[in-house]
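A.B. asks: What would the 3D arrangement of this be:
(one chain, ligands or ions: 2)
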Amino acid sequence: MIGCSCSVCTSHDPKDKRLRSSVLIESLSTTIVIDTTPDFRYQMLRIHNNRLDAVLFTHPHKDHIAGLDDVRAYNFFQRKPMDVYANALTAEALKREFAYVFADKKYPGIPDIELHTIDETAFTIGDIPVQPFTVWHHKMPVFGYRVGKFTYITDANRIDDHVKEKITGSDVIVLNALRKEQHISHFTLGEAIALVQELKIPTAYFTHISHQLGKHAEVEKQLPPGIHLGYDGLQLLI
Ligand SMILES: [Zn+2]
Ligand SMILES: [Zn+2]
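C.D. replies: Ligands and ions are numbered 1, 2, ... in the order given. Now for the predicted structure:
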């Protein structure tokens, strides 16, 4: 956190150096990203990612959308618009927050975006099957995504029972766990652990972690088997 000198913010462990939450999903032929954070440009540069077929959004909070402008690099190299998928609430916010992208008269060099407003109907991007579902971020509906045996949920603190059924059977879940203390719109560490155990998902990685949770190495030791803290650069083969 900017300006903070706590033990996490001053840690030399690379796993305590957390950029904003996002995930890149890659099949043999298709690459997608969930959310374009304010760190999106650096995240893509850092892994030398030279291909992107689509962006999926979870919700319109700035820490999940602010990096969208930088998809223009992919427009330039791939010579086509970027397919962007979002629920109605997020699509509206994108049009507002990136008004210049959706304007009738566009100035040169801006991102070229093909915006798809989606509901909870399953769809595919290339050979990647995507099942969106709604979870709750206090009162805001947020899209989680299931891709085969992998489920990604960020910025939630409540999940309806019928949605839990859609997630059940996943092999791996990435789930938000902010800190140990209660928060109005994010699962705590304890709530996230309880949810993973309730859903009986064998492997879980927690994301959207606050510096208030503590150091990676210390918290990791306290977690039940199969449950881990995520970290920047973590790769999973599913
Ligand atoms: Zn949020
Ligand atoms: Zn967030």
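A.B. asks: show me where the protein has helices.
C.D. replies: According to DSSP state H, the chain carries its helices in the segments 40-46, 62-65, 72-78, 88-97, 99-102, 161-167, 189-199, 216-221.
A.B. asks: what are the phi and psi angles of the nearest residue to Gly126 once chain neighbours are set aside?
C.D. replies: Spatially, and ignoring its direct neighbours in sequence, Gly126 is nearest to Thr30 (3.0 Å; Cβ to Cβ, 6 or more residues apart in numbering). From N, CA and C alone the C-beta is placed, and that goes for glycine too. Dihedral pair for Thr30: phi -140, psi 140, per degrees, to the nearest 10.
A.B. asks: ok, how many other residues are close to Thr30?
C.D. replies: Burial of Thr30, expressed as a neighbour count using other Cβ atoms under 10 Å, amounts to 16.
A.B. asks: One more: Asp104?
C.D. replies: 4.
A.B. asks: measure it to ligand 1 for me?
C.D. replies: Counting by Cβ to the ion, to the nearest Å, the separation of Asp104 from ligand 1 is 31 Å.
A.B. asks: go on, Phe150?
C.D. replies: For Phe150, the distance to ligand 1 (Cβ to the ion) stands at 21 Å.
A.B. asks: what's near enough to touch that residue?
C.D. replies: Phe150 sits next to Ile25, Ser170, Asp171, Val172, Ile173, Val174, Leu236, Ile238 when contact means Cβ atoms under 8 Å, 6 or more residues apart in numbering.
A.B. asks: Okay, the fifth one and Pro60: tell me how far apart.
C.D. replies: Applying Cβ to Cβ, to the nearest Å, the value for Ile173 to Pro60 is 23 Å.
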